[in-house]
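# Take a look and give me a structure for this.
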Amino acid sequence: MIIADLAAIEGRRYPAGRWTQNLVGGASPIQAAGFCMGHVTLDPCGGQVPWHNHDQEEVYVALDGTGEMCVGDERRILAAGQTVFVPPGVFHQLTNIGDTPMRMLYCYAPAGDVAHWRQELAGTLPRAGIQAPPLPAGARPQSGVTNV
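Purely as a prediction, here's the structure:
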């Protein structure tokens with residue numbers, strides 16, 4: 001039996017203001033062919049999973065806090081206890097709009113690498129409205145882009 005212990009998973013800090021811990025896939029001891037899953041803590045007042053897309057379908061499950069969720073041209077508030085579906089290929093972004101950390105789980109399938117982690121660390125995320133579709137009207141700006 002393989003157990004991934006959230007208390008023991010080191011995780012990684014990202015420039016857009018979040019801490020990500022792989023539960024299935026990535027650096028986790030659990031590897032699955034069909035999906036990847038992780039735990040994310042977004043910093044208060046603006047921590048973000050910035051505007052990106054990938055070929056996998058994905059869900060975000062809000063555990064604590066409140067965020068602004070953008071999927072394609074839609075923008076809604078995502079609160080604790082809610083889950084949002086992101087279709088494959090659709091740009092999406094989650095921004096913590098509260099003054100406390102926001103915690104969420106992500107799960108995407110099929111398993112595999114998604115480029116936005118490396119792009120954010122390298123500062124090469126596609127810029128909303130320039131190399132990527134624009135954010136929905138009224139959305140918080142994209143973070144994690146330094147190649148301006």
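
# what's the spacing between the helix or strand bottoming out on mean pLDDT in the chain and its chain's center?
Lowest on mean pLDDT, DSSP states H and E among the helices and strands of the chain sits helix 116-122, with a mean of 91. Distance, stretch centre to chain centre, for helix 116-122: 12 Å (Cα atoms, centre = their mean, to the nearest Å).

# Stretch 123-138 too?
Distance, centroid of stretch 123-138 to centroid of chain: 15 Å (Cα atoms, centre = their mean).

# Also stretch 84-102?
6 Å.

# Look at stretch 101-116 and report the distance between its end residues.
Separation of the first and last residues of stretch 101-116 by Cα to Cα, to the nearest Å is 22 Å.

# For that stretch, give me every contacting residue.
23-25, 31-44, 47, 49-50, 52-54, 56-67, 94, 96, 125 (Cβ atoms under 8 Å, 6 or more residues apart in numbering). (Glycine included, C-beta is placed from N, CA and C.)

# try 6 Å this time
25, 32-42, 44, 52, 54, 56, 58-65, 67, 96 (Cβ atoms under 6 Å, 6 or more residues apart in numbering).
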